[in-house]
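Participant: Dropping a prediction and its sequence here:
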Amino acid sequence: MIIEIKDLRFSYHEHHPALEGVSLEVERGERVALVGPNGAGKTTLLQHLNGILRGEGEIRIDGDILSDETLDIIRGKVGFLFQSPDDQLFSPTVYHDAAYGPVYQGLAAEEVEERVSDALEKTGMEALRDAAPYHLSVGEKKRAALATVLSMRPDILALDEPTSGLDPRGKRELVELLGEMPQTIVAATHDLAIIPKLFPRMVIMEAGRIVHDGWSEDILKDRALLARHGLA
């Protein structure tokens, strides 16, 4: 298993638990959609995968237990894409945003250039490498933000509402792009329409717990199950 989570618990406030004993295993190469109503704990769970949030319980990424000592290693293995690309893009140009992670890692200039060029090519952003992120469309910002993740060459992509804010064309382009990615992907999404195209496995969350886990094809046909969890 590339992801192993055991009895994960987390609270933003003392009397407001966001995760209550979540356990989840994901195999290398799997694509898993986390679905559920607002406040179900989807984003909170995703943000634990690379230590943005730290709760109680055990998380193993590719065999390494998440801890203070392994945090940098695990953050190199898990690339997190925020729901809003504006939370991820802060440099003067798309190139500098994509280069930030490799530079921070202390990689040689040649390696940084290779990684950034590869990430921009994969996301179709080469022609905009010198553009200021705030001049980009939402779809372009999403792809630029994804380039900042891919330049780190992670094994796992943790995506928070990847199609949020996109028009139909932008959504189609992003879905096609993600479909070509070789990484293990775990995504929180309200967009059930993209699930058959990208995610064979579906995990339903509600009130900080996993309430159903199965094949997307079967779950999407079960109208009663979807309705019970506010997904119809």
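Facilitator: That came through fine.
Participant: just the strands in this structure please.
Facilitator: Taking DSSP state E as the test, the strands found in the chain are 3-13, 16-26, 31-35, 56-61, 64-65, 78-81, 156-160, 184-188, 201-206, 209-215.
Participant: I'd like to know which elements the first one is packed against.
Facilitator: Yep, that's strand 3-13 we're talking about. Counting contacts by 3 or more C-beta pairs under 8 Å, 6 or more residues apart in numbering; DSSP states H and E, strand 3-13 is packed against strand 16-26, helix 42-48, strand 56-61. For every residue, glycine as well, the C-beta is placed using N, CA and C.
Participant: Does R143 touch T123 like I think?
Facilitator: Yes. The criterion here is C-beta atoms under 8 Å, and R143 meets it with T123 at 4.3 Å.
Participant: what's the overlap in contacts for the two?
Facilitator: Common contacts of R143 and T123 (C-beta atoms under 8 Å, 6 or more residues apart in numbering): L177.
Participant: if we can go back for a sec, could the helices and strands packed on strand 3-13 go into CSV alongside distance to L89?
Facilitator: Shown next, in CSV, are those (distance: least, C-beta to C-beta, whole Å):
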stretch, distance to L89
strand 16-26, 27
helix 42-48, 18
strand 56-61, 25
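Participant: So which of the ones you listed is the most surrounded?
Facilitator: helix 42-48 (a mean of 23; mean count of other C-beta atoms under 10 Å).
Participant: What is the distance between that helix and the centre of its chain?
Facilitator: Between the centre of helix 42-48 and the centre of its chain there are 9 Å (C-alpha atoms, centre = their mean, to the nearest Å).
Participant: Pull the residues that contact that helix.
Facilitator: Helix 42-48 has contacts (C-beta under 8 Å, 6+ apart) with 5, 8, 10, 18-19, 22, 24, 34-36, 53-55, 59, 66, 80, 83, 158-161, 186, 188, 205, 208.
Participant: how does it look with 6 Å?
Facilitator: Under the contact criterion C-beta atoms under 6 Å, 6 or more residues apart in numbering, helix 42-48 has outside partners A18, L19, L34, G36, L53, A158, D160, A188, M205.
Participant: quick one: which two of those residues are the most distant?
Facilitator: Farthest apart among the contacts of helix 42-48 by C-beta to C-beta are G36 and L53. That separation is 17.4 Å.
Participant: returning to what we had before: will you turn the strands of the chain into CSV that also has distance to V94 and mean pLDDT?
Facilitator: Below are these laid out as CSV (distance: least, C-beta to C-beta, whole Å; pLDDT from 0 to 100):
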stretch, distance to V94, mean pLDDT
strand 3-13, 30, 95
strand 16-26, 30, 95
strand 31-35, 26, 98
strand 56-61, 28, 97
strand 64-65, 31, 96
strand 78-81, 15, 96
strand 156-160, 19, 98
strand 184-188, 23, 98
strand 201-206, 33, 97
strand 209-215, 37, 97
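Participant: and of the ones you listed, who's closest to L231?
Facilitator: Per C-beta to C-beta, nearest to L231 of the strands of the chain: strand 31-35, 6.2 Å.
Participant: Tabulate the CA atom coordinates of the closest one in CSV.
Facilitator: What follows is strand 31-35, C-alpha atoms only, in CSV (Å, rounded to 0.1, in the frame of the first residue of the first chain):
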residue,chain,number,x,y,z
ARG,A,31,-7.4,6.7,-8.3
VAL,A,32,-9.8,7.4,-5.5
ALA,A,33,-12.5,10.1,-5.2
LEU,A,34,-13.5,11.4,-1.8
VAL,A,35,-17.1,12.6,-1.9
